[in-house]
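>>> Mind folding the following:
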Amino acid sequence: MISDPTYLAAKLVSYRIAEHFKKLVDHRDTDYRHIPDIPVIEILIDTAFWASLRREEGYEPKISVAFVPPDLAVNRLVFRHPQRFTPYNLVKLSPAVVQPGIHLGVWIEDDNFYIWGTTHEVPTHTMVIEVVEAGLLVVKQKHREHARKFVNVAVLKGNQIKVIDDNHWGLTDCPGILSALLGFSHTQNDQPENFLVQLALAIRSHGRGALLVVVPPNSAAWLHSIVKPINYLIEPHEMLSPIGNDGSQIPYTDTLPKIVAAVGGYSAIDGATVITQDHQLLAFGAKIARSPHALPVAQIILTEPVAGSSMQLLDATTIGGTRHLAAAQFVNDQHDSLAMVASQDGTFTVFSWSEKEQMVHGHRIDTLLM
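Residues are numbered from 1 along each chain as shown. Sure thing, here's the model as predicted:
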């Protein structure tokens with residue numbers, strides 16, 4: 001029996017989430033039973049929220065819930081006796097889905113919600129709700145087949161609601177990592193964007209704070225913005241896309257986890273980690289300084305792809321700590337580069353040069369990385 005949600009944020013955000021998923025339906029001969037409506041979204045969020053506040057043997061539950069019928073799921077495990085969709089049952093089953101990529105499947109029948117089992121694969125446009133920690137939920141969407149990371153739709157933390165806004169953020173003048181996180185990377189070869197997304201997650205995960213800069217291949221211009229000597233300069237350059245013993249390149253998907261883990265570790269060293277756009281490691285622990293050929297960065301524009309936010313013009317000294325200022329200065333010197341800063345408080349900013357505004361543009365994307 002469907003009951004009214006008691007978590008107010010579920011009621012406040014359900015309409016906007018429903019509108020997002022409604023836009024995805026293209027009316028072709030496709031099964032869209034799993035596209036949620038407002039009452040479904042309210043119940044899913046409400047139940048997940050109250051589950052997040054419970055404990056199971058002293059542990060905070062980490063849960064991933066996918067709204068999908070069993071027959072549309074792939075690599076599924078179906079319970080002989082479905083469980084009622086309640087906070088209690090979610091918490092009891094949470095250890096089974098603590099690993100990334102596995103979800104509790106939830107469906108509705110005769111106005112009753114039930115947990116039918118677990119699944120590793122869900123169809124495109126499936127809504128997934130992740131319980132990250134107590135009171136923190138992320139509503140996600142599988143935006144296309146074989147996507148490694150789902151696209152975030154909304155983030156709810158207690159009474160704070162952030163709905164992702166992908167309509168007016170200048171996607172023609174933004175780094176590829178942002179378009180990938182918003183689900184707009186549809187090229188045949190989007191490996192560079194996906195690689196940067198995985199790197200962003202890795203350098204954020206160790207919690208020490210990090211600065212990573214991405215520079216053009218076969219260019220030494222970036223050295224003008226680095227203090228000499230560089231303690232950890234890699235020579236010869238270590239390829240991040242390894243070559244096998246027979247000289248052939250090892251498949252990208254096979255090497256990605258090791259590559260990401262390695263660079264994530266280097267980024268924990270104080271200073272900047274430097275890689276090229278074609279994934280060569282150049283240095284780590286490097287100190288950034290203003291190039292003698294450039295002026296100090298004075299102002300930047302800062303945006304966050306969240307509904308209700310606006311573009312801010314800020315003094316460069318007010319955007320954060322020394323990592324943020326160093327990143328902004330590097331991009332101000334090296335227009336063809338990218339800088340990513342992970343803060344110890346969890347915020348994440350990508351700095352790139354905006355040809356349209358002719359200044360450094362900071363993109364706050366921590367909401368997209370959850």
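>>> For the stretch 151-300 of the chain, which segments count as helices?
176-181, 191-205, 252-267 (DSSP state H, counting those that start in this stretch).
>>> which one of these is the most hemmed in?
helix 176-181 (a mean of 23; mean count of other CB atoms under 10 Å). The way it works is simple: take the backbone N, C-alpha and C, and place the C-beta from them, glycine included.
>>> how distant is it from the center of its chain?
9 Å (CA atoms, centre = their mean, to the nearest Å).
>>> what do you get for stretch 286-302?
Remark: stretch 286-302 is offset 27 Å from the chain centroid, using CA atoms, centre = their mean.
>>> same deal with stretch 43-54?
With CA atoms, centre = their mean as the basis, stretch 43-54 stands 22 Å off its chain's centre.
>>> re earlier: can I get the helices of the stretch 151-300 of the chain in JSON lines with distance to residue 217?
Listed next are those as JSON lines, based on distance: least, CB to CB, whole Å:
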{"stretch": "helix 176-181", "distance to residue 217": "15"}
{"stretch": "helix 191-205", "distance to residue 217": "11"}
{"stretch": "helix 252-267", "distance to residue 217": "16"}
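>>> Can you give me the domain boundaries for the protein?
Residue ranges for each domain of the chain read 8-163, 171-369, as given by automatic domain parsing.
>>> can you list the ones you listed in a markdown table and add mean pLDDT?
Compiled in a markdown table, those are given as follows (pLDDT from 0 to 100):
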| stretch | mean pLDDT |
| --- | --- |
| domain 8-163 | 90 |
| domain 171-369 | 84 |
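>>> So which of the helices of the stretch 151-300 of the chain is nearest residue 223?
Distances from residue 223 to each of the helices of the stretch 151-300 of the chain were compared using CB to CB; the minimum, 18.1 Å, belongs to helix 252-267.
>>> Now residue 369: phi and psi?
Backbone geometry at residue 369, expressed as degrees, to the nearest 10, gives phi -90, psi -10.
>>> from memory it sits against residue 181, does it?
Yes. Here residue 369 lies in contact with residue 181, judged by CB atoms under 8 Å, at a distance of 7.2 Å.
>>> anything in contact with each of these two?
With contacts taken as CB atoms under 8 Å, 6 or more residues apart in numbering, residue 369 and residue 181 have residue 197 as neighbours in common.
>>> ok, the residue lying closest to residue 201 once chain neighbours are set aside to residue 91 distance?
Nearest-residue entry for residue 201: residue 369, 6.1 Å, with adjacent residues in sequence omitted and distances by CB to CB, 6 or more residues apart in numbering. Taking CB to CB, to the nearest Å as the measure, residue 369 falls 25 Å from residue 91.
>>> if I pick the nearest residue to residue 128 once chain neighbours are set aside, what's in contact with it?
On the basis of CB to CB, 6+ apart, the spatially nearest residue to residue 128 that is not a chain neighbour turns out to be residue 140, at 4.5 Å. For residue 140, the residues meeting the contact criterion (CB under 8 Å, 6+ apart) are 127, 128, 129, 130, 150, 151, 152, 153.
>>> Recalculate using a threshold of 7 Å.
When the contact criterion is CB atoms under 7 Å, 6 or more residues apart in numbering, the partners of residue 140 are 128, 130, 150, 151, 152, 153.
>>> Show me which positions of stretch 155-162 end up buried.
For stretch 155-162, the neighbour count (16 or more other CB atoms under 10 Å) marks 155, 156, 157, 161, 162 as buried.
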